[in-house]
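Engineer: using only what follows, build the 3D model:
(3 chains)
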Amino acid sequence: MRPPPFPKPAHPEEALVLQRALAGKVRLVGSLEGVRRIAALDASHKQGRPLVAVALLYDLEKGPLHVATAFLPEEALFPYVPGLLSFREAPAYLEALAALPEAPEALLVDGQGVAHPRGLGIASHLGVHLDLPSVGVAKRLLYGRPEAPLPEEKGAAVRLLAPDGRPLGYVYRSRTGVKPLYVSPGHRVGLEEALRFVRRLPTRFRLPEPLRLAHLEAGRALKALD
DNA sequence: GCGACAG
DNA sequence: ATCTTGTCGC
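Structural biologist: Residues are numbered from 1 along each chain as shown, chains lettered A, B, ... in the order given. Reported below is the predicted structural model:
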């Protein structure tokens, strides 16, 4: 796939302006019912080392099909600022996605979708940029609060609400006895549809398999640098 | 002023 | 994101 160029803001203030504009393009409607091939995105990074981004092409019936890796030197990276993560990692993901043998039907991203202070987590940003359906799965909360206590049983989910009460996504227990995940739609998918999709992904441990495999690969690639 | 704060 | 040993539990 040939992604459009991804502009790099000169500073956080500029990123904020861009972010607010792009947030207006997010569309939270659509189902991933018929989707079969997705790309799982995860990154790994160590100070002073290049950022490693992995795009793993995954077929929901066949399993993992291909792994593409991209490296971006520290000097080329936008600084990490909570709420502006996409400006740092998205360029690397776009490069990895471009190296896949075929374009995915949807993206599964390690990070937030619309459960973000300005409604544009990295999953949403990438979805809008590539005009692809996307879902965000984060390991920690950035924005919002659980509507109620999360039950212990595998598969349990409670809504994540914005301060004004608007639903943003879900706190989701992927397995019994593990810490929850934060699932939110990125782009071109509904709130409930995003959760429904994540629930049907094979999940042996805490993370859905596509993301877990991408994470393992990113860790390997980083370690292989030294 | 005091926390909170994806990766 | 990474830095890190032991330890609890299936």
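
Engineer: now A:Glu192: which helix or strand?
Structural biologist: Per DSSP states H and E, A:Glu192 falls inside helix A:191-199.

Engineer: got the contact list for whatever helix or strand comes next after that helix?
Structural biologist: Remark: after helix A:191-199, the chain's next helix or strand is helix A:209-223, criterion DSSP H and E. For helix A:209-223, the surrounding residues in contact (Cβ atoms under 8 Å, 6 or more residues apart in numbering) are A:38, A:40-46, A:49, A:52-56, A:58, A:63-64, A:67, A:69, A:71, A:108, A:110, A:137, A:201-207. For the C-beta atoms, the positions are set from N, CA and C on the backbone; glycine is no exception.

Engineer: again with stretch A:22-32
Structural biologist: A:106, A:114, A:118-120, A:124-125, A:127-129, A:133, A:135, A:185-191, A:193-194, A:196-197.

Engineer: next to DNA strand C, which bits of chain A? Give me the list.
Structural biologist: With Cβ under 7 Å from any atom of the strand as the criterion, chain A meets DNA strand C at residues A:43-47, A:110, A:139, A:218-219, A:222.

Engineer: change it to 10 Å
Structural biologist: Within chain A, the positions near DNA strand C by Cβ under 10 Å from any atom of the strand are A:42-47, A:49, A:51-52, A:80, A:85, A:88-89, A:110-111, A:138-140, A:176-177, A:215-216, A:218-223, A:226.

Engineer: tell me the buried residues within these.
Structural biologist: Buried members of those, counted by 16 or more other Cβ atoms under 10 Å: A:42-45, A:51-52, A:85, A:88-89, A:110-111, A:138, A:215-216, A:218, A:221-222.

Engineer: so which residues of chain A form strands?
Structural biologist: A:37-44, A:51-59, A:63-72, A:106-110, A:134-138, A:145-146, A:157-161, A:167-172, A:181-187 (DSSP state E).

Engineer: in a markdown table, list these along with mean pLDDT.
Structural biologist: Converted to a markdown table, the strands of chain A look like this (pLDDT from 0 to 100):
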| stretch | mean pLDDT |
| --- | --- |
| strand A:37-44 | 98 |
| strand A:51-59 | 98 |
| strand A:63-72 | 98 |
| strand A:106-110 | 98 |
| strand A:134-138 | 98 |
| strand A:145-146 | 97 |
| strand A:157-161 | 98 |
| strand A:167-172 | 98 |
| strand A:181-187 | 98 |
